[in-house]
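1. 3D model of this:
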Amino acid sequence: MKSPKQIKAFIPRTCNQAFYDWSGRAAKNPEGAAGVMAEFISPEPRPDQWGTYGFVAPLEEGRYVHDLDGKARLLMVQFNERKLPASVRDEAVKKRYDELSNEQGRKLTKKEFAELKEDVEASLLPKAFVTRSRVPVLVFKGRLLICTSSAKKAESILILMMRFAEVRGMKWDVGHFEGKVSMNYLLGNIVLNGTEGMLDAGQAVKFKGEDKRVVQVKDRDIMSSEVQKVAELGTYSVIELALTARDADSADPMATFVVTDKLIFKGIKLTDATLVGVGHDAADLHATYWLLAKVCEDILREVESQLSEGEAGDDEEL
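-> Numbering: from 1, shown residues only. Predicted coordinates:
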């Protein structure tokens, strides 16, 4: 089981009231929730499948929705993916390629090679081993936090939840956060101009130019004049920004993280705590996910607030 010791990322999505209300009822009635979710529990991949995914119990067997003391509701999605050793695949592909080339007396085209590779991988599928990974999903009022940096896995989880909602006859409305301004505003407002909020400058920023060139500043003061010069160039956009979040009560550093222009939060590290992974007892896991829910919600709310201020300012200028 792939179980990182520290949960390091999340992707936010908006969510309607119906799913939030259902998750609250499900947490109070675990037997009922298990019954209605049975069709969507993570299945083993068949010999002809590369992978499957579905719900699993996050903390305790049989309880598929867990309440985090009112802070959020927790679900868990498990991905079962077949992995084919590269050496086995490459050896089989080369053997088949040589056979076809000799038969036809010519080299295969790129399209033919791609089709050959796909056919060989399909034939080797039964030999692939299965790896498993779990993705926590935090359900808040009005939003979901999907704890992964993989946009592909996040979209798969949304499809799973949408299918479940449809079977239940539940209204389903989930989407991206809309109307956000450029990350350049976030850099300028938080880093270069300063802010009275809970966010401070980190030690890294990544820019991307119109010519696709990437400029990265790492382990340096991003409030420096060099960074300001790049930020002021209209041809470069911020695609990643490192930030530090302060505790609202004590103003002490609470966590460090990176936010991308796709609104993916990654590299999350808590200053004074460690987020344990699968294998610890239920009490430790409950505390970990409660803390994760609190910190991530605070971070998202502050970033949203800063971006919304930028959007309002842009409207006023127009």
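
2. only C-alpha atoms for contact and neighbour calcs from this point on.
-> Will do.

3. tell me how far the longest helix belonging to the chain is from the chain's mean position?
-> Secondary structure assigned by DSSP state H gives helix 282-317 as the longest helix of the chain. Relative to the mean C-alpha coordinate of its chain, helix 282-317 is positioned 15 Å out (Cα atoms, centre = their mean, to the nearest Å).

4. low-confidence ranges in the stretch 201-318 of the chain?
-> Across the stretch 201-318 of the chain, residues meeting the criterion (pLDDT under 70) sit at 222-226, 228-229, 231-234, 273-280, 308-318.

5. where along this structure do the strands fall?
-> Ranges of strands within the chain are 11-15, 51-56, 66-67, 73-83, 129-140, 143-146, 174-175, 199-209, 214-218, 236-246, 253-260, 265-270, based on DSSP state E.

6. Show me the one of those that comes nearest Lys117.
-> Closest approach to Lys117 among the strands of the chain is made by strand 73-83 (15.1 Å; Cα to Cα).

7. what are the pairing partners of the closest one, and which direction each?
-> Applying DSSP bridges to the sheet, strand 73-83 is found paired with strand 51-56 (antiparallel), strand 66-67 (antiparallel), strand 129-140 (antiparallel).

8. In CSV: those, plus mean neighbour count.
-> Putting those into CSV (neighbours: other Cα atoms under 10 Å) gives the following:
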stretch, mean neighbour count
strand 51-56, 22
strand 66-67, 22
strand 129-140, 20
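
9. For Glu91, which of those strands is the nearest?
-> Relative to Glu91, the nearest member of those by Cα to Cα is strand 129-140, separated by 17.3 Å.

10. Residues touching that closest one, excluding its own?
-> By Cα atoms under 8 Å, 6 or more residues apart in numbering, the surrounding residues in contact with strand 129-140 are 1-3, 20, 23, 58, 71-84, 144-148, 293.

11. So, low pLDDT: which residues of the stretch 51-200 of the chain?
-> In the stretch 51-200 of the chain, residues with pLDDT under 70: 126, 177-182, 188-196.

12. That one: helices as residue ranges?
-> In the stretch 51-200 of the chain, the helices defined using DSSP state H, counting those that start in this stretch lie at 86-104, 110-124, 151-167, 183-186.

13. Check which helices and strands the last one sits against.
-> In other words, helix 183-186. In this structure, helix 183-186 makes packing contacts with strand 236-246, helix 282-317, judged by 3 or more Cα pairs under 8 Å, 6 or more residues apart in numbering; DSSP states H and E.
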